[in-house]
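1. just a sequence and a predicted model for now, questions to come.
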Amino acid sequence: MKPATAAAFSLLSAAAVRQRCHRMLGFGLDGALRHFDVELERLDAAADLSIACTRRAYPLLDVPLHSRWRHFMVDGEDRWANLDKASAWRDTAERARAAFDLAIVSVLLDAGADSRWRYRDAATGKSFGRSEGLALASLEMFAAGGFSQDALRPLRVDASALKGLSAPALGQYFQVPPANPLPTLAGRLRLLQRLGEVVANNADVFARADAPRPGGLFDYLVAGGDSASIAAPSILAEILRQLGSIWPGRLALAGVPLGDCWRHPALVTDDSTSELVPLHKLSQWLAYSLIEPLQAAGLLVTDIDGLTGLAEYRNGGLLIDAGVLVLREEAAAKIAHRVDATLVVEWRALTVALLDRLAETIRQRLGLDAATLPLGKVLQGGTWAAGRAAAASRREDGAPPLTVISDGTVF
């Protein structure tokens, strides 16, 4: 492998995310960043908010992992569990493929919706916005066979169906008439179509036991190593390698797509990866969401804390609203920023590094260790909910403290 290619692949890992984000935090603590100051003494305030949310939602501190599966719960009813129980799976592998199918498309559709869009749940009559609404819409589309080419087998996602997916079909399931706009619907559609193309063109990965489908990644992961266990960072590495080319208009190095990776002038290295900051938010969200289907199939998933916190606007918003991150120019909060702007890269990288420190503070305050309360549970308990609560208490529309212009494939 050529040095530039090896350097590119080195960025496709959780370890690279953590290492470079902590370097960014070091610059912040030295007062050397352009856009943010870091006030570590305010971590206690962020911890207070997170612990309050955790205790409210999980009084016994029996916190599950942060994953897409949490968003399929409505009024205590687990919609995915209902589908699962009603299905006559041929074996655990078929069930796992279906769960992978659902998780992959649902996570890719999860790049945020603004406060205008709502999803009305037919079963309860309630309406849901943002992540919960997007999750329920994707689950309903999956349950109705909206991603399947076989009317007799609706609970699957076929590459051919993804490639042929249309904007009207996606808009129908996501309830998008003119009065209920979903930003960047076209970007989400293109992402799913690209997913279909990549899956169809890589049968050795996605069609080992069935027609090409995203859920074929399950068979690939199981065949790739110890059949009894898999490390969470390995799940992420394969997601990044196998699905990296679905992301539109992103950086590449030596022909290797880098996904959610951006430039920041502070991150200087002595190789071709200089100034590159990998974050891999949606891919890590997906890695967290594939853990439970793997566990249900009997695999031991190890090193879950090898994944990082998620560089997204709820976790990052918590840190700004709690005063841990302070904008050097207050006017920056009043304008919208491109996702590749130095300010946004800085904010997201600092978020990842500070979540590690915040997790330590929360564990100490609760008297728990990393084995009992891993980072994935801190996020769920936790920082994501606290970020939403902080936003709701400070801004009428519950929006994050910074506005990011996204194409529907990052936030």
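-> Yep, that arrived. Residues are numbered from 1 along each chain as shown.

2. and the strands in the stretch 251-400 of the chain?
-> In the stretch 251-400 of the chain, the strands defined using DSSP state E, counting those that start in this stretch lie at 252-253, 256-257, 261-263, 276-278, 300-302, 325-327, 336-338.

3. among those, which is nearest residue 53?
-> In terms of CB to CB, the element of these nearest to residue 53 is strand 325-327, at 18.9 Å. Yep, even glycine has a C-beta here, placed from its N, CA and C like the rest.

4. what's that closest one packed up against?
-> Applying 3 or more CB pairs under 8 Å, 6 or more residues apart in numbering; DSSP states H and E, we find strand 325-327 packed against strand 36-38, helix 313-321, helix 342-366.

5. most tightly surrounded among the ones you listed?
-> Highest mean neighbour count among those (mean count of other CB atoms under 10 Å): helix 313-321, with a mean of 27.

6. for the helices and strands packed on strand 325-327, which one sits closest to residue 12?
-> Minimum separation from residue 12 across these (CB to CB) falls at helix 342-366, 15.7 Å.

7. got a list of what residue 331 touches?
-> If you count contacts by CB atoms under 8 Å, 6 or more residues apart in numbering, residue 331 has none.

8. measure it to residue 310 for me?
-> 27 Å (CB to CB, to the nearest Å).

9. any low-confidence regions in the stretch 151-300 of the chain?
-> 224-227 (pLDDT under 70).

10. what's the closest non-adjacent residue to residue 110?
-> With CB to CB, 6 or more residues apart in numbering as the criterion, residue 110 has its nearest non-adjacent residue at 5.3 Å, and that residue is residue 134.

11. so how far is the one helix or strand the one you found maps to off the chain centroid?
-> If you go by DSSP states H and E, residue 134 is part of helix 130-143. Centroid separation between helix 130-143 and its chain, computed with CA atoms, centre = their mean, to the nearest Å, is 15 Å.

12. would you mark the buried spots in that helix?
-> 130-143 (16 or more other CB atoms under 10 Å).

13. okay, those in CSV with pLDDT and distance to residue 157 next?
-> Output for these, formatted as CSV (pLDDT from 0 to 100; distance: CB to CB, whole Å):
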residue, pLDDT, distance to residue 157
130, 85, 23
131, 88, 20
132, 91, 21
133, 93, 20
134, 94, 16
135, 95, 15
136, 96, 17
137, 95, 15
138, 97, 10
139, 97, 12
140, 97, 14
141, 97, 10
142, 97, 7
143, 97, 12
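
14. could these be laid out in JSON lines, adding distance to residue 360?
-> JSON lines is the format used below for the buried residues of helix 130-143 (distance: CB to CB, whole Å):
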{"residue": "130", "distance to residue 360": "29"}
{"residue": "131", "distance to residue 360": "26"}
{"residue": "132", "distance to residue 360": "29"}
{"residue": "133", "distance to residue 360": "33"}
{"residue": "134", "distance to residue 360": "31"}
{"residue": "135", "distance to residue 360": "30"}
{"residue": "136", "distance to residue 360": "34"}
{"residue": "137", "distance to residue 360": "36"}
{"residue": "138", "distance to residue 360": "34"}
{"residue": "139", "distance to residue 360": "35"}
{"residue": "140", "distance to residue 360": "39"}
{"residue": "141", "distance to residue 360": "40"}
{"residue": "142", "distance to residue 360": "38"}
{"residue": "143", "distance to residue 360": "40"}
